[in-house]
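1. Dropping a prediction and its sequence here:
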2 protein chains.
Amino acid sequence: MSIRIGILGYGNLGRGVECAVEANPDMELVAVFTRRDPASVKIWSQGVPVVSVKDVADWQDKIDVMILCGGSATDLPKQTPEYVKYFNVIDSFDTHARIPEHFADVDKAAKESGHLGIISVGWDPGLFSLARVYSNAILPDGKDYTFWGKGVSQGHSDAIRRIKGVKDAKQYTVPVESALEAVRSGSNPELTTREKHTRECFVVLEDGADAAYVENAIKTMPNYFDEYDTTVHFISEEELQRDHSGLAHGGFVIRSGATGHEKEHKHIIEFSLKLDSNPEFTTSVLVAYARAAYRLAKEGQTGCRTVLDIAPAYLCAQSGEELRAHLL
Amino acid sequence: MSIRIGILGYGNLGRGVECAVEANPDMELVAVFTRRDPASVKIWSQGVPVVSVKDVADWQDKIDVMILCGGSATDLPKQTPEYVKYFNVIDSFDTHARIPEHFADVDKAAKESGHLGIISVGWDPGLFSLARVYSNAILPDGKDYTFWGKGVSQGHSDAIRRIKGVKDAKQYTVPVESALEAVRSGSNPELTTREKHTRECFVVLEDGADAAYVENAIKTMPNYFDEYDTTVHFISEEELQRDHSGLAHGGFVIRSGATGHEKEHKHIIEFSLKLDSNPEFTTSVLVAYARAAYRLAKEGQTGCRTVLDIAPAYLCAQSGEELRAHLL
């Protein structure tokens, strides 16, 4: 019998989950839930109902795992504790600083309802967290480095769009190659924010806007840009559409550590991702953890979990015997 | 209270475990067990007894986890099922093809005695297995590549030493950079054995040995060298000692996969290691899994496990709260 998946929220992530469920033969998509008028939402899958989120409770016995595809800023802090009352859930909550609070909220609601919730699934937090935890456990004497990109930062693009005179914008976070090489050399450099990443901005101005004002407003913006070397390119709306609508991303997690009684032996553990589609990759991770949620819930487990709490074998469709014979 | 560790076998791995236990403040080394005359074994740690392996059963209540530091060819297939009768154990069994059989033997003995055994811990099998399993779970449509090196292959060095006229030898396995780049490009190349790695041999001849015969014997040796581009360098014993006594190693696990309804988006997941000391890194992994074994055994778990069965949080000294706040 297939694992019955529900999608709540049909944006980039919802569409990615739809794709990832299709790629996993042991799963089936049962329904897509939306806050919009269901009649207005056209989905890719044929024969799968689009349902108003108001009716979600009616689907309790028809869905094994609900994948929550809302945003971290305002949606998930409310949605995950709410929907874990009815379903086993997965979310991609990615506001690192608020994870402990979100974990507590989801854990309480999940234990009360007897469901399982896995939060903060994706690549950072998610796979990058795994890389950090494994490498810290193995090399207690060492230093962690995380680099992101090259890829679009939604938050920074939004910040540029809020500047007077900006019609549209995309901002790329770019890791500094020489900093990466210094880390890989094992020299454990102390790197400032400016030394690790640069920021590259592609901006479409409103008619008659002051380019010099906009460029200065970007480069001096506190928290977002002032600590970085930032390049601003003014382009046309057509160029933005044509050249900057991709969703590629990626990054690097490196731990540089030492062993030996005199710490004389250096070791580099590196994990990296190069992704054509950030949302499709993120949702591929969500769907693998949906399989784990299904299995853990079948074992009777309840409460909140993160990727750190889940043994890797739970993610794979193959049996333990198959994994030991072919992938170990 | 510290986790009480025992070491069984005091070669490169035993010495590495000793070092790794020192680097983990929540652990203490209780005793080193040897098949040799204990009086002949000098260990680095002060005040830690060296004990004959014949007396190992007397230490049942004094050791939480015994780390088995024997070889995979003949030691571990016997030792792990034997010593799991008395202790929770960790081994680094690395004969991939025989893992299912070894797992079954250890599982049976561990369940009978009520202990936990974690087998095949290290970097391959071990961390590389984790990289393969996570990336297969996330990208079901894709292709796996594993490259080893640059590093000394003990098995290949031994094979050269068995050739008539060879006094000593070291063999390096070297990944082919252009093959790595082809894989990273996402083109999913079909790579032959010859295209993935080269083999570089440093050989000390016996007096009067026939260099041409030895070179030919190496290059044509079935399984070990005949499918590779092999380079043979004849050097002096002093040069071998001076330039080739290091224990560096490393490698790369790459999964190249695709998502999207038309598989139009490519993704590369890469995990790599660059290690100054293969045995010290391997034993750092063993010791992290000893912490997991201790905790799982406290929960009452018994039987055999591999790295695939163990949630990453069990490996770290930090609590779940600390991990969520700082590493997730």
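-> Right, received. Where do you want to start?

2. what does the lowest-mean-pLDDT helix or strand in chain A contact?
-> The helix or strand of chain A with the lowest confidence, counting by mean pLDDT, DSSP states H and E, is helix A:154-161 at a mean of 92. Residues from elsewhere that reach helix A:154-161 (CB atoms under 8 Å, 6 or more residues apart in numbering or on different chains): A:166, A:168-171, A:173, A:199, A:201, A:203, A:218, A:221, A:224-225. Yep, even glycine has a C-beta here, placed from its N, CA and C like the rest.

3. Just the buried residues of it, please?
-> A:H156, A:S157, A:A159, A:I160 (16 or more other CB atoms under 10 Å in any protein chain shown).

4. Need the CA coordinates for it. PDB is fine.
-> What follows is helix A:154-161, C-alpha atoms only, in PDB (Å, rounded to 0.1, in the frame of the first residue of the first chain):
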ATOM      1  CA  GLN A 154      14.700  35.700  -1.500                       C
ATOM      2  CA  GLY A 155      15.000  37.900   1.600                       C
ATOM      3  CA  HIS A 156      17.700  40.100   0.100                       C
ATOM      4  CA  SER A 157      15.800  40.400  -3.200                       C
ATOM      5  CA  ASP A 158      12.700  41.500  -1.200                       C
ATOM      6  CA  ALA A 159      14.800  44.000   0.700                       C
ATOM      7  CA  ILE A 160      15.900  45.700  -2.500                       C
ATOM      8  CA  ARG A 161      12.400  45.800  -3.900                       C
END
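
5. Of the buried residues of helix A:154-161, which is the nearest to chain B?
-> Set against chain B, the nearest of the buried residues of helix A:154-161 by CB to the nearest CB is A:S157 (20.2 Å).

6. In chain A, where's the longest helix?
-> helix A:278-298 (DSSP state H).

7. CA atoms of that helix as CSV?
-> What follows is helix A:278-298, C-alpha atoms only, in CSV (Å, rounded to 0.1, in the frame of the first residue of the first chain):
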residue,chain,number,x,y,z
ASN,A,278,16.2,25.0,-5.0
PRO,A,279,12.4,24.3,-4.4
GLU,A,280,12.5,20.9,-6.2
PHE,A,281,15.5,19.8,-4.2
THR,A,282,14.1,21.0,-0.9
THR,A,283,10.9,19.2,-1.5
SER,A,284,12.8,16.0,-2.5
VAL,A,285,14.2,16.1,1.0
LEU,A,286,10.7,16.8,2.5
VAL,A,287,9.3,13.8,0.7
ALA,A,288,12.1,11.4,1.9
TYR,A,289,11.4,12.6,5.5
ALA,A,290,7.7,12.0,4.9
ARG,A,291,8.6,8.3,4.4
ALA,A,292,10.4,8.4,7.7
ALA,A,293,7.4,10.1,9.4
TYR,A,294,5.1,7.4,8.1
ARG,A,295,7.3,4.6,9.4
LEU,A,296,8.0,6.2,12.8
ALA,A,297,4.3,7.0,13.3
LYS,A,298,3.5,3.3,12.5
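
8. next one: the following helix or strand past that helix to chain centre, how far?
-> Beyond helix A:278-298 on the C-terminal side, the first helix or strand identified by DSSP states H and E is strand A:303-305. With CA atoms, centre = their mean, to the nearest Å as the basis, strand A:303-305 stands 18 Å off its chain's centre.

9. Need the three-state assignment for A:A31.
-> strand (DSSP: H, G, I helix; E, B strand; the rest coil).

10. close enough to count as contact, it and A:V51?
-> Yes. Using CB atoms under 8 Å, A:A31 is in contact with A:V51, at 5.1 Å.

11. who touches both of the two?
-> A:W59.

12. if you count what's nearby, which of these two comes out ahead?
-> Each of A:A31 and A:V51 has its neighbours counted (other CB atoms under 10 Å in any protein chain shown); A:A31 has more, 22 against 19.

13. Export the contacts of helix A:154-161 to a markdown table and append columns for pLDDT.
-> Output for those, formatted as a markdown table (pLDDT from 0 to 100):
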| residue | pLDDT |
| --- | --- |
| A:V166 | 97 |
| A:D168 | 97 |
| A:A169 | 97 |
| A:K170 | 96 |
| A:Q171 | 97 |
| A:T173 | 96 |
| A:R199 | 97 |
| A:C201 | 98 |
| A:V203 | 98 |
| A:I218 | 97 |
| A:M221 | 95 |
| A:Y224 | 93 |
| A:F225 | 95 |
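
14. Where strands are concerned, which of these count?
-> Members of these lying in strands (criterion: DSSP state E): A:V166, A:D168, A:A169, A:K170, A:Q171, A:T173, A:R199, A:C201, A:V203.

15. Look up how far chain B lies from the fourth one.
-> When CB to the nearest CB, to the nearest Å is applied, the distance between A:K170 and chain B equals 18 Å.

16. Quickly list the domain ranges of chain A.
-> A:1-122+A:277-325, A:133-274 (the TED database).

17. quick one, which of the ones you listed is packed in tightest?
-> Among the domains of chain A, domain A:1-122+A:277-325 has the highest mean neighbour count (mean count of other CB atoms under 10 Å in any protein chain shown), at a mean of 20.

18. Residue numbers of the stretch 51-200 of chain A in contact with chain B?
-> Counting by CB under 8 Å from any CB of the partner chain, the residues of the stretch 51-200 of chain A close to chain B are A:96, A:99-100, A:103, A:120, A:125, A:127, A:129-134, A:136-141, A:184, A:186.

19. if I pick A:V166, what's in contact with it?
-> A:I160, A:V203, A:V204, A:L205, A:E206, A:A209, A:V214 are the contacts of A:V166 under CB under 8 Å, 6+ apart.

20. thought the fifth one was touching A:G165?
-> Which is A:E206. Yes. A:E206 lies in contact with A:G165 (CB under 8 Å); the separation is 5.3 Å.

21. Mind pulling the model confidence for the residue in the stretch 51-200 of chain A positioned nearest to chain B?
-> For the stretch 51-200 of chain A, the residue closest to chain B is A:A137, as judged by CB to the nearest CB, at 3.6 Å. A:A137 is assigned a predicted lDDT (pLDDT) of 98.

22. Confirm that it sits in a helix.
-> Yes. Counting by three-state DSSP, A:A137 falls inside a helix.
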